[in-house]
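Student: compute the structure for the input listed below.
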Amino acid sequence: MRLRVEFTTEPFDLDEAPPHAVVARDVIQGADLDAVDVGPFGNTAEGEAGRVLTAVDALLRRALEAGATRVSLQVNVLAEKTEGSSESGEGDK
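Tutor: So this is what the prediction gives:
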C-alpha cells in the first residue's frame, strides 16, 4: 500500500521558518519517501505505507519537541498502479 501525507506545523512565521517547521521538513526530506514537496504553507510526500508512517511518527515527535503548537495532518491511501493505467491519487474514482 502507498500513502500520501500532507502536513503543516504551527505557529506560522512569515519572516523565516520556525524551528519546528525546519525540523519537520528535515524529517520528511531525510526519510526514504517519494515525491517530497515542501513549502512555506504545506508539505506533501508519498511512499510505501510503512515508511510514511515511520516518518509521520518522527515528524510529530520532533516538531512538537521543537515548539510546534499544532500539526495538521492528512494521510490518504493512493490507488495502486495497474498495467496500462496511471495513478489517480485517491483511489475513489
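Student: what residues are up against S72?
Tutor: F7, T8, T9, E10 (Cβ atoms under 8 Å, 6 or more residues apart in numbering). (C-beta placed from N, C-alpha, C; glycine too.)
Student: so what strands line up beside the host helix or strand of it?
Tutor: S72 belongs to strand 70-77 when elements are defined using DSSP states H and E. Within its sheet, strand 70-77 is paired with strand 2-10 (antiparallel), according to DSSP bridges.
Student: which parts of this protein are strands?
Tutor: For the chain, applying DSSP state E gives strands covering 2-10, 34-38, 43-48, 70-77.
Student: ok, L60 touching V71?
Tutor: Yes. Between L60 and V71 there is a contact at 5.9 Å, judged by Cβ atoms under 8 Å.
Student: could you point out the longest helix of this protein?
Tutor: helix 49-65 (DSSP state H).
Student: which positions within the lowest-mean-pLDDT helix or strand in the chain qualify as buried?
Tutor: Least confident helix or strand of the chain, by mean pLDDT, DSSP states H and E, is strand 34-38 with a mean of 90. Across strand 34-38, burial judged by 16 or more other Cβ atoms under 10 Å covers V36, V38.
Student: parallel or antiparallel, list what pairs with that strand.
Tutor: Under the rule (DSSP bridges), strand 34-38 has strand 43-48 (antiparallel) as partners.
Student: tell me the angle the partner strand makes with helix 49-65.
Tutor: Angle of strand 43-48 versus helix 49-65, following axes from the mean of the first three to the mean of the last three Cα atoms, to 10 degrees, is 150 degrees.
Student: any idea of the mean pLDDT for strand 43-48?
Tutor: Averaged across strand 43-48, pLDDT comes to 96.
Student: list the buried residues of that strand.
Tutor: For strand 43-48, by 16+ other Cβ under 10 Å, it's N43, T44, A45, E46, G47.
Student: could you save those as TSV and add columns showing distance to V56?
Tutor: Shown next, in TSV, are the buried residues of strand 43-48 (distance: Cβ to Cβ, whole Å):
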residue	distance to V56
N43	11
T44	12
A45	9
E46	12
G47	11
